[in-house]
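J.: A structural model of the following input is requested.
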Amino acid sequence: QVDLVESGGGVVQAGGSLKLSCAASGLAFSSYAMGWFRQAPGQQREFVYAITRSGVSTFRGDSVAGRFSISRENSKNMVYLHMNVLKPEDTAVYYCAAAKSLSKQSHAYEYWGQGTQVTVSS
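T.: This is a model prediction of the structure:
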């Protein structure tokens, strides 16, 4: 059974920072590209960031340019989303997901976590 468990969400003031973590189990972690998506109430799921299996290359969504970054530790089966200069429009449930290859398309991802809520107050 594959499990992806996100943590690190919470409430933060605009301009603040959060680090989300995603712990993976039940899969050959280093064989999967990992991605982060988010979904705000009433909106479609949005691609945020993705990282290749080795961690050498990353791919981001336009809305987080210069503010977010992604990293992974294959030895620990972990992927992280580093979020800085948070804005109220970043408020959403954040999901990590695993795919066989790097993609910004949600349908490319085989496994998904339950999500963690991030709320940015103004």
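
J.: now the strands for the chain?
T.: Counting by DSSP state E, the chain has strands at residues 3-7, 10-13, 18-25, 33-39, 46-51, 58-60, 68-73, 78-83, 92-99, 109-112, 116-121.

J.: how close does the closest residue to Leu81 other than its chain neighbours sit to Gln1?
T.: In space, not counting the residues next to it along the chain, Leu81 is nearest to Leu20; the distance is 4.2 Å by CB to CB, 6 or more residues apart in numbering. Bear in mind the C-beta positions are built from the backbone N, C-alpha and C, glycine included. When distance is defined by CB to CB, to the nearest Å, Leu20 is 22 Å away from Gln1.

J.: looking at these two, which one has more neighbours?
T.: Leu20 (24 against 5; other CB atoms under 10 Å).

J.: which residues touch the more buried one?
T.: Leu20 sits next to 6-9, 36, 80-81, 83, 94, 96, 116, 118 when contact means CB atoms under 8 Å, 6 or more residues apart in numbering.

J.: filter those residues down to the buried ones and hand me the ChimeraX line.
T.: Of these, the buried ones can be selected in ChimeraX as follows, counting by 16 or more other CB atoms under 10 Å:
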select :6,8,9,36,80,81,83,94,96,116,118
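
J.: how about TSV for the contacts of Leu20, with distance to Gly26 and pLDDT added?
T.: Listed next are the contacts of Leu20 as TSV, based on distance: CB to CB, whole Å; pLDDT from 0 to 100:
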residue	distance to Gly26	pLDDT
Glu6	15	98
Ser7	17	98
Gly8	21	98
Gly9	22	97
Trp36	19	98
Tyr80	19	98
Leu81	21	98
Met83	26	98
Tyr94	21	98
Cys96	14	98
Thr116	19	98
Val118	25	98
